[in-house]
Each structure stands twice: as structure tokens, then as C-alpha cells.
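Student: Based on what follows, work out the 3D shape:
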Amino acid sequence: MASSDEDEGVLAIKHRKVAFVHSEDYVNLCDKLPKVQGRASLTTSLIEAYGLLEDRNISIIPPKRASINELTGFHSNEYIECLKNYSDLDDEDEINQFGLGYDCPMFEDVFKTISAIAGGTIVAAEALKSGQANVAINWQGGWHHAQRDEAAGFCYVNDIVLGILKLREKFNRVLYVDLDLHHGDGVEDAFSFTPRVMTVSFHKYASGFFPGSGCCNQVGRGKGRYYSLNVALNDGITDRPFVEVFNRVMAKVQSKYKPDAIVCQCGVDTLAGDPMASFNLTQFGVGRCVKNLLSWGIPTLLLGGGGYDMTNTARCWTYLTSVVLGRLLPNDIPEHEHFLAYGPSYQLAVTTGPQPDLNSNEDLKNAIKKALGNLQNIQ
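Tutor: Okay, here's the model as predicted:
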């Protein structure tokens, strides 16, 4: 079974209704995404192997393809037209101006795929808006770097922004929380001028590290000033200090902002063993952060994001699904079609690596102090 350290607090929430975005066609499309090819099927098959999609509190909702009108609710017409008609374009400069190149190469079925991802997050948000669910999950979503008219950082469409806009049709204040290794710049930029969406990003911030934004002094603009909160951390951070910083900051966010709904991007390129080789977390640390947000008892949308060690990503998102459902999972990976990918341990748990933690106690205190100081300015 899961370690006793993790058993505490893993309790089923009575009457929790969970919507899970999934279909076979959706998984097959998302498997084509460059940089994470095959990740969707690896994740979904492990979740299925543990029987989580058969839980009585979960309902499977198939994604729809987002319409042009929905996509242009945030993205520019020109950018969406480029994605839709890229096979007919022979002007490389025209394609490159939209960020479609090295980080975001074009691929077969690109428009069909990004429409499905956006549609998946939109239907998840609709499930929360309608009351069909009070927690919704789309592990294939969470692409936080895409800008209004530009792809960036492996992100072609900002499904997060589109999901938040859908939630804003009902909920007055939406809180966005970003757990990815990288700063959630695309979402922050989209809402930097409004207090109706607060963005909070916990991430690595270092010279030359993508996307180059997210310092603690970046707090939003105009009426949105102080509604963008950035908590910058150094390499090597482990579960305990990360969760302590998260809990301290988010307690103040909750009391000052009082959101009506939450969107949490659960990018897991923060895990030990990820090719990014930066943070040193396990799925249990990420899980504690998610449990904290779930304890607020308001509609919550959980999305994927980064995660480039494919098996560890599958481990973590499977574990987080079990957290939502209040289920304890055996540590032994069940036999299934991708079982051999989890060798040699064949265990669910992600173990920390040997890298040093470059976050001193003073660094952590300063990060918390700066965040709490900025939060004091929220009216």
C-alpha cells in the first residue's frame, strides 16, 4: 500500500462528483503531440489499470472539438487560421511569426489535436459551471505558455485561458494556480489587467531559464495589479519545503482573494528524474498541494502540463486522480499493456534524486515574505 506518511488525509469526500475528460480518439490525438508523444496513452492506461475510471464517483465526459469561435475567444483569428490551414502555407516566415518552429513544430492533425485539447478543457469547465461535477480533470490540457497570437514552449493553444473564460460565465472570481516548473506566463499575461482572475505561479526562476519571466516583482497591471503572484524557487527543492511554501502562501491567497472556483495546472516537470533536472519533488508533494486546494470545497479544475519523464508523469497524474477520489493505491504497478515501461522498480512511487537543494532557509523565508507582502495589497 501507499506509505503511512501519505495515508493521512487521503479520505473520500462524500458526495464529491468528479468529471474526467476522456475518449479513445482523444488519447490517440494527444499521443501525437511533439515532446510528449505517447504520454496520453501511458497516463490513461495506468489510471485504467488501477480501476479509477470505474469509481462510482467519477463520470467520463468525452471532449468536443472547440469551435473557431471558441478558440478565438482568446487567440487571434490570424493565428487560428494559420494552424487550421498550415498544410496550404508555403511561406516559412508567415509560419515562424506565429512561433511555429523549433519549440512548436507543425505535425499531422495539429489543428484537430489542439481543437480537441481546448474542447476538453472547455467541457471540463462546463461540467463545473453546470454543477454536473465539483472537480473536473483533463490531464491532456494545461498548456500555459501559448499566447494570443503565438505558440511557445510546446504549447499551441492556451486551453487554460479558454477554460477560465468559460468558468467566468458563472463564477465571479477564479483563482489560477500553476505548479509547473516553468512560469505560467501565457495565463498570467491574458489576465494581468483584471482582478476577476488571480494567477499564482510556483516555479523555477533563473537567468536564461524559459520563459524568462515570473520574478516576484511581476504583480499584474492596471486594475489587475497585485492579482498576479509569482513565487520563484531554486533548483533541488524537495517535497517538504515546497509544500510548506505552498501552504503558507495559499492560506493567505484564500483569505485575501476568496475565490469562487479554482483552476490548477499540475505540470510535473518538477518531479525527480525529469529531463529538466531542476526540482526534486515526488508525486506525494504535488499531491499535498492538490489536497490543500480540494479542501477549500469550491469547484476545482485540474489540468496537466509539463512532464517529460513519461512514466513518472503517468505515476503522478494517476496518484492525483486517486487523491481526488479518496482512493489508496497499491504501490505495485498493475500488469497492463504498458507494464514493462515501469521497470525495473514496477512501483507507483517516484523517489527523490541525489541533487542538492539550493534553496536555503533564508531563501524560502524571503520567498514567503515577498509573496505575503504582495498579497497585503489586495483589497
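Student: which stretches of this protein form strands?
Tutor: 18-21, 58-61, 135-138, 174-178, 197-204, 228-233, 261-265, 300-303 (DSSP state E).
Student: Distance from the last one to the middle of the chain?
Tutor: Centroid displacement of strand 300-303 relative to its chain, using Cα atoms, centre = their mean, to the nearest Å, is 8 Å.
Student: Kindly report the same for the second one.
Tutor: Mean C-alpha position of strand 58-61 versus that of the full chain (Cα atoms, centre = their mean) differs by 19 Å.
Student: list the helices and strands that strand packs on?
Tutor: In terms of contacts (3 or more Cβ pairs under 8 Å, 6 or more residues apart in numbering; DSSP states H and E), strand 58-61 is packed against strand 18-21, helix 110-130. For glycine as for every other residue, the C-beta is placed from the backbone atoms N, C-alpha and C.
Student: Just put the strands of the chain in TSV and tack on distance to residue 294, mean pLDDT and mean neighbour count.
Tutor: TSV is the format used below for the strands of the chain (distance: least, Cβ to Cβ, whole Å; pLDDT from 0 to 100; neighbours: other Cβ atoms under 10 Å):
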stretch	distance to residue 294	mean pLDDT	mean neighbour count
strand 18-21	11	98	24
strand 58-61	15	97	17
strand 135-138	7	98	28
strand 174-178	12	98	27
strand 197-204	16	98	25
strand 228-233	20	98	25
strand 261-265	9	98	24
strand 300-303	6	98	28
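Student: center of this structure - which residue?
Tutor: Per Cα atoms, centre = their mean, the C-alpha nearest to the average position across the chain is that of residue 265, at 2.1 Å.
Student: Tell me what that one is bridged to.
Tutor: residue 178, residue 303 (DSSP bridges).
Student: I figured it was touching residue 138, is that so?
Tutor: No - judged on Cβ atoms under 8 Å, residue 265 makes no contact with residue 138 at a distance of 10.6 Å.
Student: any shared contact partners between the two?
Tutor: 303, 304 (Cβ atoms under 8 Å, 6 or more residues apart in numbering).
Student: In contact with the nearest residue to residue 252 once chain neighbours are set aside, which residues?
Tutor: Among residues not flanking residue 252 along the chain, residue 375 sits closest, at 4.8 Å (Cβ to Cβ, 6 or more residues apart in numbering). Residue 375 sits next to 226, 229, 249, 252, 253, 256 when contact means Cβ under 8 Å, 6+ apart.
Student: same thing but at 10 Å, please
Tutor: 198, 200, 219, 226, 227, 229, 249, 252, 253, 255, 256, 257 (Cβ atoms under 10 Å, 6 or more residues apart in numbering).
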